[in-house]
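**Student:** what would the 3D arrangement of this be:
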Amino acid sequence: MAIMDRLQSLGRALMLPIAVLPVAGILLRLGQPDIAGPVAHLIPGLDLAFLGAAGGAIFDNLGLLFAIGAAVGLARDNHGAAGLAGAVSFVVASGGARALLQAPAAATGLDPHLADLIAADFRDQAIHDLSVPIGVVSGVLAGIAYNRFSDIRLPDYLAFFGGRRFVPILMGLAGAVMALGVAAAFQALHEGLMGLGHAVVGAGDWGLFLYGALNRLLIITGLHHILNNVAWFLVGDFHGATGDLKRFFAGDPSAGGFMAGFFPVMMFGLPAACLAMYHAAARERRAEVGGMLASMALTSFLTGVTEPVEFSFMFLAPALFVAHMLLTGLAFVILSHLGVKLGFSFSAGLFDYLINFRISTRPWLLLPVGATYFALYYAVFRAAIGWFDLKTPGREALPVIAGVPAERPSDSHTGRADAFLVALGGPANLQSLDACTTRLRLTVASQGAVDESALKRLGAKALVRPSEHALQVILGPLADIIAGEIRAAVDRAGARAAPASRQEHATPIDIGALLDGLGGSDNLAEVRTASTRLLITLRRAVPDLDHLMRAAGVLATSGATGLSVHLVIGPEAEPVGAALRAGARDGSR
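**Tutor:** Below you'll find the model as predicted:
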């Protein structure tokens, strides 16, 4: 796989654990004394401090969440076994490294009991500081191991430990090796992370400006999540809390610099850009595009989700996007000079601004800065669109495509999913399908089979092709919902997202191998046919079923729970099912 494809997969996987941060931030904020105290005064007996402890527990265990989330996100079928493997690796690596770390020299010569307490505290803090990097590495290795070894077949006497069960076992061993590495390299790792933090913080205005500008540049490929993880979870230290985001919620008055600069852009600048595009649209088309632009502006203002707006002009006017990048970097510098520190648990929208207002530093200054940014963005966008005749929404030529109806597809979930599936080249063209906050992330067999015009008529803001087979479809906040609908459409079509070559040149079904793989004819309690699938009920479970079925020529197994097995066969499902039922009858005589 190309390097860009691997980075795409990593960026997508990291979004899964990050998605839990909003609830953590809300719980932590509601449990703080300035909120919990007045509530307890108004409603005697109601102490919201437990909410703060609940939210803090999520932040305290981010390493474990990254290990589980990254593993599941990288696993080819997002199976929970990968998450278990990541958790096993993290627990083993953390616990092993904690036991191997040497106590600081300051603890020598003290009372043994006191020395033990100092050593234990040192080890706990050391592992806590490294928990996110250990979690990310554990999750990435677990996801890779799952994709490589989840189909492994062991000798019969070890068959129980084969298949997916092998992956957590392997990652337990990998965690032990990681523990040795962490303990041996602890000093270098610790000094490296601290050095990174000091370097970034020490860069001052330039560090903030480059972070803001690069964050917007990397959003084109979706790799900004990797940059954010460094700034939000690794840079700096405050009583054991590392990273700008964690330090902000831990009460560090110096934290928030790597989040504050987003607020003027997301709450004011980009909504102003939407207003400019609306005013620049042809008068007869303003009603058509007004709802879309208003929706994008409101989404950015309330939640800080900006991709729908940015992708509406990113490729039409690269120079305008460069200006957007520079203005984002400048916003960080301006708020830093004004001493403004703002934070969020999800993104820089109104909801996070209000929830965290009382723990922010000089938050009211966002309003005049935001008003300035609103005027600046509106002026820049309005002038650039007019001067350069940019084809922003409402100004582009309406396509006339023979044989394609102009109306939008059915609003029903089924109709929308089927339309997306056709536009993406059909089930056979999908090798993998996932989603992050605002975009579908796919691997396709052929980019040429993707109908870009149809996708845009379905509401796609833009398409990004990072590599030969990687495809991103920018949809906005509905991306994850639509991804689920497309998976259901693939399921209805009787084809799992698998390489087209495999579906077009599938191995003929070997009935004998299929019967043997299912445990013999006497193990078949029921065989039913449903379109391109076989729905089989077994009398006893069969270990390593996936591997055995693929060896027999089955395209995929799906929905296997206990003794119920679904086999994706293809058009030959009916005759194969008849052959199995005949074999079951013969075996019962």
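**Student:** ok so D47 is a helix residue?
**Tutor:** No - using DSSP: H, G, I helix; E, B strand; the rest coil, the secondary structure at D47 is coil, not a helix.
**Student:** count of residues packed around A445?
**Tutor:** A445 sits with 20 neighbouring residues when counted by other C-beta atoms under 10 Å. (C-beta placed from N, C-alpha, C; glycine too.)
**Student:** do the same with the one 4 residues further on
**Tutor:** The burial count assigned to A449 is 15, neighbours taken as other C-beta under 10 Å.
**Student:** and the closest residue to it other than its chain neighbours, what's its pLDDT?
**Tutor:** Distance criterion C-beta to C-beta, 6 or more residues apart in numbering; nearest residue to A449, sequence neighbours excluded, is G425 at 3.1 Å. G425 is assigned 84 on the pLDDT scale.
**Student:** would you confirm that G425 belongs to a helix?
**Tutor:** No - the assignment for G425, made by three-state DSSP, is coil rather than a helix.
**Student:** that one and V444 touch, don't they?
**Tutor:** Yes - if you go by C-beta atoms under 8 Å, G425 and V444 touch, sitting 6.3 Å apart.
**Student:** looking at these two, which is more packed in?
**Tutor:** Taking other C-beta under 10 Å, G425 and V444 do not tie; V444 has more neighbours (24 against 20).
**Student:** you'd agree the more buried one is up against P427?
**Tutor:** No - here V444 does not reach P427: they are 11.2 Å apart, not a contact under C-beta under 8 Å.
**Student:** intersection of neighbour lists for G425 and V444?
**Tutor:** Jointly contacting G425 and V444 under the rule C-beta atoms under 8 Å, 6 or more residues apart in numbering are V450.
**Student:** is L442 in a helix, a strand, or coil?
**Tutor:** Assignment for L442 (three-state DSSP): strand.
**Student:** for this protein, where's the lowest mean pLDDT among helices and strands?
**Tutor:** helix 500-504 (a mean of 38; mean pLDDT, DSSP states H and E).
**Student:** those strands in the stretch 401-550 of the chain, which residues are they?
**Tutor:** 430-435, 439-444, 462-464, 470-474, 524-530, 533-538 (DSSP state E, counting those that start in this stretch).
**Student:** dump those to CSV, plus distance to L293 and mean pLDDT.
**Tutor:** As requested, those are exported to CSV (distance: least, C-beta to C-beta, whole Å; pLDDT from 0 to 100):
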stretch, distance to L293, mean pLDDT
strand 430-435, 23, 80
strand 439-444, 19, 84
strand 462-464, 15, 83
strand 470-474, 15, 87
strand 524-530, 44, 81
strand 533-538, 44, 81
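**Student:** kindly reformat these as CSV containing distance to D60.
**Tutor:** Listed next are the strands of the stretch 401-550 of the chain as CSV, based on distance: least, C-beta to C-beta, whole Å:
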stretch, distance to D60
strand 430-435, 28
strand 439-444, 30
strand 462-464, 36
strand 470-474, 33
strand 524-530, 47
strand 533-538, 43
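**Student:** what is the longest helix seen in the chain packed up against?
**Tutor:** Among the elements of the chain assigned as helix by DSSP state H, the one spanning the most residues is helix 366-388. On a contact count with 3 or more C-beta pairs under 8 Å, 6 or more residues apart in numbering; DSSP states H and E, helix 366-388 meets helix 262-264, helix 270-280, helix 318-337.
**Student:** tell me the most buried of these?
**Tutor:** helix 262-264 (a mean of 28; mean count of other C-beta atoms under 10 Å).
**Student:** that one - contacts with which helices or strands?
**Tutor:** helix 318-337, helix 366-388.
**Student:** what pLDDT, on average, does it get?
**Tutor:** 96.
**Student:** what do you get for stretch 268-283?
**Tutor:** Mean predicted lDDT for stretch 268-283 stands at 93.
**Student:** convert it to CSV, retaining C-alpha atoms only.
**Tutor:** C-alpha atoms of stretch 268-283 as CSV (Å, rounded to 0.1, in the frame of the first residue of the first chain):
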residue,chain,number,x,y,z
PHE,A,268,-17.2,34.1,12.1
GLY,A,269,-14.8,33.9,9.1
LEU,A,270,-16.3,30.9,7.2
PRO,A,271,-19.9,31.9,7.8
ALA,A,272,-19.0,35.2,6.3
ALA,A,273,-17.5,33.4,3.3
CYS,A,274,-20.8,31.6,2.9
LEU,A,275,-22.7,35.0,2.9
ALA,A,276,-20.3,36.3,0.3
MET,A,277,-20.9,33.3,-1.9
TYR,A,278,-24.6,33.7,-1.5
HIS,A,279,-24.5,37.4,-2.5
ALA,A,280,-22.2,36.5,-5.5
ALA,A,281,-24.6,33.8,-6.8
ALA,A,282,-26.8,34.6,-9.8
ARG,A,283,-30.1,36.1,-8.5
